[in-house]
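Peer 1: just to be clear, the model below is a prediction. Sequence and coordinates:
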Amino acid sequence: MRPYSGIGVLQITGDSFGDGLLLYEEPGLVRCGTLTAAAAHQLTAWLFGPGEEVHLLVTARKGEWLLIERDDAGRQAWLHGLRRWNYATWEQFLKGKQISFLRNAPRQQLQVYPYPEAANGTPLLSYEPMKVIMVQGDWSYVLFDRFNAGWIRWRDHDGRLLVGLTPSPTPESR
C-alpha cells in the first residue's frame, strides 16, 4: 500500500540515532518506544532510495515536535528535535530531485498534463525518472528529458504518494 504523504520529510543522518530516537505518544508526555537507524532505514528505503541519510514521513507538527510514521502498520509517534535534523515540506524537499512513479501507483494516475487540474492528460508508458522543477500543491512540473516537460500528480486525491526518489546516476554509470 502506498503511504500517506503527510506534510513533509525529516532527514536524519545515520550517526544521529545513537541508541535510538525517543518516541512519544503525545509531545513530551508519554514515551512509547525508540526508533533505531536500521528500523527507520528499512521503513522508508524503498521510497527514498539507499543512502547515508534516513528519511521519515512527517504527518503533523507542534513547535519542535514532529509526528512521524513509525512502522509499516501506519502507527505514528512524536519525535522531538527539529533543531538537530533537517525537516522540509514536500515543496522544499521535492524541488530539484529525481523522481519516478511508484510501481504500485494506479495506472490512471500515470499521466502528464499541460497544466495542474487539466481535464485530460497524456498517459505515460514507462516509469522513467523525471526531474522536479517546481511543486504546486499535489502537482509537480517535471522535466522528462531536455525537450519534454509537463505536470504530474505526485500524490493522489487521498494524499497517498504516487512517486518516490530515484537515485541520481553516478559518474561511473553514465
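Peer 2: It's in. Note that the structure is predicted; figures quoted are calculated from it, not measured.
Peer 1: which stretches of the protein have low pLDDT?
Peer 2: Low-confidence regions of the chain, defined here as pLDDT under 70, cover residues 82-83, 168-174.
Peer 1: quick one, strands of it?
Peer 2: Assigned by DSSP state E, the strands in the chain fall at 8-13, 21-24, 31-35, 53-62, 65-69, 76-80, 86-89, 98-101, 111-112, 122-123, 130-136, 139-143, 149-153, 163-165.
Peer 1: mind listing what residue 124 touches?
Peer 2: The neighbours of residue 124, taking Cβ atoms under 8 Å, 6 or more residues apart in numbering as the test, are 101, 110-112, 152. (Glycine included, C-beta is placed from N, CA and C.)
Peer 1: would JSON lines of the residues you listed with neighbour count and distance to residue 84 be doable?
Peer 2: Compiled in JSON lines, those are given as follows (neighbours: other Cβ atoms under 10 Å; distance: Cβ to Cβ, whole Å):
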{"residue": "101", "neighbour count": "25", "distance to residue 84": "33"}
{"residue": "110", "neighbour count": "18", "distance to residue 84": "38"}
{"residue": "111", "neighbour count": "17", "distance to residue 84": "40"}
{"residue": "112", "neighbour count": "18", "distance to residue 84": "39"}
{"residue": "152", "neighbour count": "24", "distance to residue 84": "33"}
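Peer 1: that older thread, which of the strands of the chain sits closest to residue 47?
Peer 2: Proximity to residue 47, assessed across these by Cβ to Cβ, is greatest for strand 163-165 (4.6 Å).
Peer 1: list the helices and strands the closest one packs on?
Peer 2: Here strand 163-165 touches helix 37-48, strand 98-101, going by 3 or more Cβ pairs under 8 Å, 6 or more residues apart in numbering; DSSP states H and E.
Peer 1: so residue 46 versus residue 117, what's the distance?
Peer 2: If you measure residue 46 against residue 117 using Cβ to Cβ, to the nearest Å, the figure is 30 Å.
Peer 1: domain parsing for the protein?
Peer 2: By the record's domain assignment, the chain is partitioned as 8-90, 95-166 (automatic domain parsing).
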